[in-house]
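# what's the 3D shape of this:
(one chain, ligands or ions: 1)
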Amino acid sequence: SDCLQSSDLTRTDFLVDTDYFMAVAVLSAQRSKDPNTQVGACLVNQDNKIVGTGHNCMPNDCEGKLPWNREGAKLDTKYIYVCHAELNAIVNASANADVKGCTMYVTLFPCNECTKLIIQAGLKEVVYLCDKYHKTPETKASKKMLDMAGILEYERFDSIKSDKNISVRCAWEENFFYSEKNHKLPSKHRVHNDVMGNSQTNSQILPLTAAAHLHHGKPPPALQVKIEQQDR
Ligand SMILES: O=c1[nH]c(=O)n([C@H]2C[C@H](O)[C@@H](COP(=O)(O)O)O2)cc1CO
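Residues are numbered from 1 along each chain as shown. So this is what the prediction gives:
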C-alpha cells in the first residue's frame with residue numbers, strides 16, 4: 001500500500017540512543033542554578049526507556065535560601081546542601097519504574113556519595129562525559145567502589161562507539177565542549193559557563209547546541225528555531 005515505505009526510504013542519519021540519552025543529560029544540566037558547575041543525569045532502563053532525569057539543585061523549598069558559594073565556612077558553602085544530579089535522577093524516577101539494572105548517563109563523573117547510591121540502587125552502568133575531578137579522593141573512591149561492585153561498569157561517553165563520525169570532548173581535557181567537526185558558533189551563541197563548569201574560556205559552545213551538534217552538526221528543528229530567533 002501507499003503507507004508502506006520501501007527500505008531505501010529509511011532515514012539513516014537518526015540520533016542514536018546513546019547520543020540521545022547523553023544529550024538529555026546535557027540538557028537537564030541546563031536547569032541547574034549552580035553558577036559554577038551544572039550537572040545533568042539521565043536514567044535509562046533495560047528497555048532503553050528514560051525513567052528519570054536530574055540536575056544539581058538545592059533541596060525542595062530551599063532553593064534561593066541557601067548559598068552557592070564554593071568557599072567559606074562549611075555551613076556557608078553549597079556543598080553540604082546541594083542535591084547532586086544523580087541523586088535527583090534516582091529519586092525522580094517514575095513511581096512505577098524499577099531503577100535496578102538501569103544505566104546512568106551523567107555529564108560529570110559521580111562523586112563517592114552518589115556512587116554509593118548508584119550501587120545500592122542496583123544500577124548496572126554509568127556513562128559519563130566529563131571527569132574534571134578525577135584527581136580528587138572523592139572520584140578515586142568512586143572508581144574504587146565501582147570496580148569492587150563488579151557488575152557495575154563505567155565508561156567514558158564516546159559517540160564514535162555508536163558508529164557516527166562525531167565525538168564529544170570534555171572541558172577539563174580540551175578546554176571546551178565541541179563536536180569532532182568543531183562546529184563553532186558565532187560568539188553570541190556561546191556562553192561563558194558551560195556544562196563542564198569551565199567559566200574562563202569564551203570558546204565554549206552553548207551546551208544545548210553542543211548536544212544537538214552531537215548529531216552531524218545539524219541542530220534538530222526545535223533548536224534551529226531558537227538559533228534563528230537569536231540571529232534576529
Ligand atoms: O557527580 C556530581 N554531581 C553533581 O551534581 N555535582 C554538583 C554539586 C555542585 O553543585 C557542583 C560541583 O560544584 P563545583 O564544581 O563548583 O565544586 O556539581 C557534583 C558532582 C561531582 O562531585
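# my guess is K78 contacts R70. True?
Yes - counting by C-beta atoms under 8 Å, K78 does reach R70; the two are 6.9 Å apart. The C-beta positions use only the backbone N, C-alpha and C, and glycine is treated the same way.
# more crowded one of those two?
K78 (18 against 12; other C-beta atoms under 10 Å).
# point out where this structure drops to low pLDDT.
Across the chain, the ranges flagged by pLDDT under 70 are 1-7, 158-232.
# repeat that with 80
1-8, 12-15, 150-152, 156-232 (pLDDT under 80).
# which residues of it lie near the ligand?
34, 36-37, 39, 56, 70, 78, 82, 84-86, 108, 110-111, 114, 133, 197 (C-beta under 6 Å from any ligand atom).
# just list the residues touching D76, thanks.
67, 69 (C-beta atoms under 8 Å, 6 or more residues apart in numbering).
# looking at the residues of the chain next to the ligand, which are in strands?
L108 (DSSP state E).
# of the residues of the chain next to the ligand, buried ones?
34, 37, 39, 56, 78, 82, 84-86, 108, 110-111, 114, 133, 197 (16 or more other C-beta atoms under 10 Å).
# nearest to Y20 among the residues you listed?
A85 (17.4 Å; C-beta to C-beta).
# and the strand or helix carrying I90, what does it pack onto?
Counting by DSSP states H and E, the element that carries I90 is helix 85-91. Contacts defined by 3 or more C-beta pairs under 8 Å, 6 or more residues apart in numbering; DSSP states H and E place helix 85-91 against helix 17-29, strand 40-44, strand 50-55, strand 103-108, helix 112-120.
# in a markdown table, list the ones you listed along with distance to L129.
A markdown table is the format used below for the helices and strands packed on helix 85-91 (distance: least, C-beta to C-beta, whole Å):
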| stretch | distance to L129 |
| --- | --- |
| helix 17-29 | 6 |
| strand 40-44 | 9 |
| strand 50-55 | 14 |
| strand 103-108 | 5 |
| helix 112-120 | 15 |
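# which residues in this structure form helices?
Using DSSP state H, the helices of the chain run over residues 17-29, 85-91, 112-120, 137-148, 171-174, 207-212, 221-231.
# could you measure from the residue nearest to V39 when sequence neighbours are not counted over to N48?
Distance criterion C-beta to C-beta, 6 or more residues apart in numbering; nearest residue to V39, sequence neighbours excluded, is A85 at 4.0 Å. From A85 across to N48, the span is 20 Å (C-beta to C-beta, to the nearest Å).
# ditto for E63
32 Å.
# for K140, same thing?
K140 is 31 Å from N48, by C-beta to C-beta.
# likewise M58?
M58 is 32 Å from N48, by C-beta to C-beta.
# who has more neighbours out of those two?
Using other C-beta under 10 Å, the more surrounded residue of M58 and N48 is M58, with 18 against 11.
# closest to K74 out of the helices and strands packed on helix 85-91?
Across the helices and strands packed on helix 85-91, closest to K74 is helix 112-120 (C-beta to C-beta), at 15.4 Å.
# now that closest one against strand 40-44, angle please.
10 degrees (axes from the mean of the first three to the mean of the last three C-alpha atoms, to 10 degrees).
# buried residues, helix 112-120. List them.
112, 114-115, 117-119.
# quick one: residues contacting the residue nearest to A97 when sequence neighbours are not counted.
Residue nearest to A97 in three dimensions, not counting chain neighbours: V51, with 3.7 Å by C-beta to C-beta, 6+ apart. By C-beta under 8 Å, 6+ apart, the residues touching V51 are 43-45, 93-94, 97, 99, 102.
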